[in-house]
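>>> Requesting a structural model of the entry that follows:
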Amino acid sequence: MKNSTPPCKDCMTIGLIQRDYREVKQMSQTLKHNIHILLIEDNEDDREFFARLCRKIPRQHIRLSEANNMASGLLALEDDTPDCIFLDYYLPDGHGIDMLEAIARIAPHVPVIMLSGQGSEALVADAMHQGAAHYLVKQDATPEKLLEKIEDAVERGLLKKRVAEQQEALTLFTRAMTHDLKEPLRMIESFAHLIEKKNGVNEECAHYFERICQAIGNMNELLDMVHHYSRLGHVDDAEGFERISLNEAVETALENLTQLVHDTSPNLQVDTLPDITGHKVLWALLFQNMLSNAIYYNDKDVADIRIGAEQTPKGMRIFVRDNGSGIPEEARKIIFDPFRRYNCERRGSGLGLAICKRIAEIHEANIEVRPCTPGTEFSITLPATLTDTVADSAPSEPSAEDAMDDEATLAHILLVEDNKSDIELTRIYLQEADGVAFHLHTVLNGKDALAFLDDPQNPPIDLILLDINMPIMDGFTFLQQYNKRPSKDHVPVVVNSTSDSQDDMRRASQLGADGYMCKPANWKKLGDFVTRMSNIRVVESANGIRLNRVQL
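Model (predicted):
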């Protein structure tokens, strides 16, 4: 009978460290038989001496590159990264200690063994303090000693590289958690407050509750995974790898993207995908990022997207193909790097494809971007150890738009907001939950807001609610452009943002904003500003609150 007691956290950590160490050991064993050493030594006799020692090391193939000063050594390092460097303490164009810093900048994970003609303890301490892996006195060098130092230094270098990779993964996901994952949680909290205000669970509340439950379930899984990942840098096979349907992973991704799919109505074709051994949550996240990119960055009226699979000599290949404008060749080299975005006109965290790459790496799969006509294809080639077949997909349901009060005296408010859920929440909180009557108009960015204000066919606006972070033209740029207009055309502007930064509040005020509130908008926050405005009159009655326009 299996012991159901979960392992303690310390045991898990020790186990993971031991596993990492075993992997590094295996890599160093592989390296042992084919090692590239760079020797930076100005004395020709000493270089020949070390070459003879290397040839005498048993059962090894050591490739020795040589340089006679700092300058040529750095050029050799940049040209062909070695597994280990032997560095003389004294060089004609500089001190070996000074060169340690330059080596660390170019190849931070390559170990350095410092060489010297004398065994001063002060020199040893200085070298080790500056980052040398070992110190070797030339006269004491033997093939056995050389091999011992090389093996230990290479192993240390591999461990150092692994630690750096895990730190990079930790940074990547911690930043993702504080940025991207705050948004869905804020939505969940907002919809939850909405339910609290309703009496009973009518059909409308049931709709909100269903959305909340769906989001909570998805986010709980994601947060657990991100927390695990941020601590460890990669996922342990024993903790989460199982037989999964990739079609079901696509379905989960589409459920998470219900609003985006509903708003954009892409043509989506999902072929029969294989069953594989993998992590269900991570594959759903991978497809979610791929699909949202294919929709969000598509320049066509309708996005055509196909998710398919094919067997290749290298293994099963999963692809996500779209009909967008494609990705330039120079951008393909950096597209998977964290926080690198080639399309600056669209807002994004710059983490989506970096996360996809990490998920592929966790599954020992290869991910790449390929050009296709038209559009772009992202390809994930799976190792043979993961693959097999089954299922299908297709969700999406809309939310209804309430009719606006048509009375001529009601004020007109322009909401400048790119997030469709925030638009819905603003309408629900102000017009339904708080019972405030006014005409609401929406645009998705500052540029569209300026165009709306300039269009004589649109009604005059009495108040602008302005988000900050938007694509094409953000809120601050809008305020700068708005300030250039004649003051007689100005109406009050209240910033409505997720940011509670004092710097953002100060900047908004300096640019002429009449107020600043944090999302979600509700009457308690907005009312503080509106009651002080001369162009809007607040009328309270048993039927609710009316915002009437004042004819000036």
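>>> And residue 270, how far from residue 320?
Residue 270 sits 10 Å away from residue 320, going by Cβ to Cβ, to the nearest Å. Where C-beta positions appear, they are placed from N, C-alpha and C, glycine not excepted.
>>> Relative to residue 436, how far out is the spatially closest residue to residue 97 that is not a sequence neighbour?
Leaving aside its sequence neighbours, residue 97 sits nearest to residue 130 (Cβ to Cβ, 6 or more residues apart in numbering; 5.3 Å). Distance of residue 130 to residue 436, given as Cβ to Cβ: 67 Å.
>>> Same question for residue 479.
25 Å.
>>> cool, residue 95 as well?
73 Å.
>>> three-state assignment of residue 193?
helix (DSSP: H, G, I helix; E, B strand; the rest coil).
>>> Near it, how many residues? Count them for me, please.
Look at residue 193: counted by other Cβ atoms under 10 Å, it has 14 neighbours.
>>> got a pLDDT number for it?
You'll see residue 193 listed with a pLDDT of 72.
>>> circling back: which residues do residue 270 and residue 320 both contact?
Common contacts of residue 270 and residue 320 (Cβ atoms under 8 Å, 6 or more residues apart in numbering): 306, 307.
>>> Contact partners for the nearest residue to residue 164 once chain neighbours are set aside?
Distance criterion Cβ to Cβ, 6+ apart; nearest residue to residue 164, sequence neighbours excluded, is residue 109 at 6.6 Å. Taking Cβ under 8 Å, 6+ apart as the criterion, residue 109 is in contact with 157, 158, 160, 161, 164.
>>> Which ones among the residues you listed lie within helices?
Among these, DSSP state H puts 157, 158, 160, 161, 164 in helices.
>>> Mind checking which of those are buried?
Among the ones in helices among the contacts of residue 109, those classed as buried by 16 or more other Cβ atoms under 10 Å are 157, 158, 160.
>>> Would you mind measuring from the second one to residue 526?
Plainly put, residue 158 is 58 Å away from residue 526 if you go by Cβ to Cβ.
>>> go on, the last one?
Relative to residue 526, residue 160 is positioned 54 Å away (Cβ to Cβ).
>>> Quick check: which ranges of the stretch 101-250 of the chain have low pLDDT?
118-122, 167, 169-182, 196-201, 217-218, 220-240 (pLDDT under 70).
>>> now the helices for it?
121-129, 143-179, 182-197, 203-232, 246-256 (DSSP state H, counting those that start in this stretch).
>>> what does the stretch 251-400 of the chain give?
Using DSSP H, counting those that start in this stretch, helices in the stretch 251-400 of the chain cover 258-264, 280-296, 329-332, 352-362.
>>> Output the ones you listed as a markdown table; include the columns mean neighbour count and mean pLDDT.
Compiled in a markdown table, those are given as follows (neighbours: other Cβ atoms under 10 Å; pLDDT from 0 to 100):
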| stretch | mean neighbour count | mean pLDDT |
| --- | --- | --- |
| helix 258-264 | 16 | 88 |
| helix 280-296 | 23 | 88 |
| helix 329-332 | 12 | 74 |
| helix 352-362 | 22 | 83 |
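>>> Who has more neighbours out of residue 95 and residue 436?
Between residue 95 and residue 436, counted using other Cβ under 10 Å, the more crowded position is residue 436 (23 against 13).
>>> Between the two ends of stretch 502-516, what distance do you get?
11 Å (Cα to Cα, to the nearest Å).
>>> let me redo that: stretch 363-373
The first and last residues of stretch 363-373 sit 29 Å apart, counting by Cα to Cα.
>>> Over to stretch 124-136?
End-to-end distance for stretch 124-136, by Cα to Cα: 9 Å.
>>> buried stuff in that stretch?
Neighbour-count burial for stretch 124-136 flags 124, 126, 127, 130, 132, 133, 134, 135, 136 (criterion: 16+ other Cβ under 10 Å).
>>> And stretch 270-277, by the same measure?
Residues of stretch 270-277 classed as buried: 270, 273, 274, 275, 276, 277 (neighbour count, 16+ other Cβ under 10 Å).
>>> ok, the host helix or strand of residue 414: who's next to it in the sheet?
With elements taken from DSSP states H and E, the one containing residue 414 is strand 412-416. Sheet pairing of strand 412-416 (DSSP bridges) gives strand 439-443 (parallel), strand 463-466 (parallel).
>>> So which of the ones you listed is nearest residue 424?
strand 439-443 (9.9 Å; Cβ to Cβ).
>>> which other residues reach that closest one?
404-405, 410-417, 423, 426-427, 430-431, 449, 451-452, 458-459, 461.
>>> who's in contact with residue 326?
Applying Cβ under 8 Å, 6+ apart to residue 326 gives the contacts 371, 372, 374, 375, 376.
>>> List just the nearest of the residues you listed to residue 144.
Using Cβ to Cβ, the contacts of residue 326 come closest to residue 144 at residue 371, 53.9 Å.
>>> Which residue comes closest to the closest one once chain neighbours are left out?
That would be residue 326: by Cβ to Cβ, 6+ apart, it lies 6.0 Å from residue 371.
>>> Which pLDDT value goes with that neighbour?
Here, the pLDDT recorded for residue 326 equals 79.
>>> backbone phi and psi for it, please?
Backbone geometry at residue 326, expressed as degrees, to the nearest 10, gives phi 90, psi 170.
>>> Could you measure from it over to residue 205?
45 Å.
>>> and if you look at residue 495?
Residue 495 is 30 Å from residue 205, where distance means Cβ to Cβ.
>>> Looking only at neighbour counts, state which of those two leads.
Neighbour count, other Cβ under 10 Å: between residue 495 and residue 205, residue 495 has more, with 26 against 15.
>>> Next up, identify which helix or strand that one is on.
strand 493-497.
>>> Name every strand pairing with that strand and say which way it goes.
When DSSP bridges is applied, strand 493-497 pairs with strand 463-466 (parallel), strand 515-518 (parallel).
>>> Quick one: mean pLDDT for the strand holding residue 414?
94.
>>> Which residues outside the first helix or strand past it going along the chain are in contact with it?
Where DSSP H and E defines the elements, the next helix or strand beyond strand 412-416 is helix 420-427. By Cβ under 8 Å, 6+ apart, the residues outside helix 420-427 that reach it are 187, 190-191, 194, 259-260, 263, 399, 402, 415, 417, 440, 442, 465, 467, 496, 519-521.
>>> If any of the residues you listed are buried, give me the ChimeraX selection for them.
Selection of the buried residues among the contacts of helix 420-427 in ChimeraX, burial being defined by 16+ other Cβ under 10 Å:
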select :187,190,191,194,259,260,415,417,440,442,465,467,496,519,520,521
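>>> Once you drop chain neighbours, what's closest to residue 540?
Excluding the flanking residues, the one nearest residue 540 by Cβ to Cβ, 6+ apart is residue 546, at 7.9 Å.
>>> who does the one you found bridge with?
With DSSP bridges as the criterion, residue 546 is bridged to residue 437, residue 539.
>>> same question, residue 413
Taking DSSP bridges as the rule, residue 413 bridges to residue 440, residue 463.
>>> okay but residue 274 is in contact with residue 317, surely?
No: counting by Cβ atoms under 8 Å, residue 274 does not reach residue 317; the two are 10.3 Å apart.
>>> which neighbours do those two share?
By the contact definition Cβ under 8 Å, 6+ apart, residue 274 and residue 317 are jointly contacted by residue 309.
>>> Residue 367 versus residue 46, what's the distance?
In this view, residue 46 and residue 367 are 47 Å apart by Cβ to Cβ.
>>> Tell me which of these two has more neighbours.
residue 367 (20 against 17).
>>> Bridged to that one, which residues?
residue 380.
>>> Please settle this for me: is residue 476 part of a helix?
Yes: counting by three-state DSSP, residue 476 is part of a helix.
>>> ok, it - contacts?
Shown in contact with residue 476 (Cβ under 8 Å, 6+ apart): 468, 507, 508, 511.
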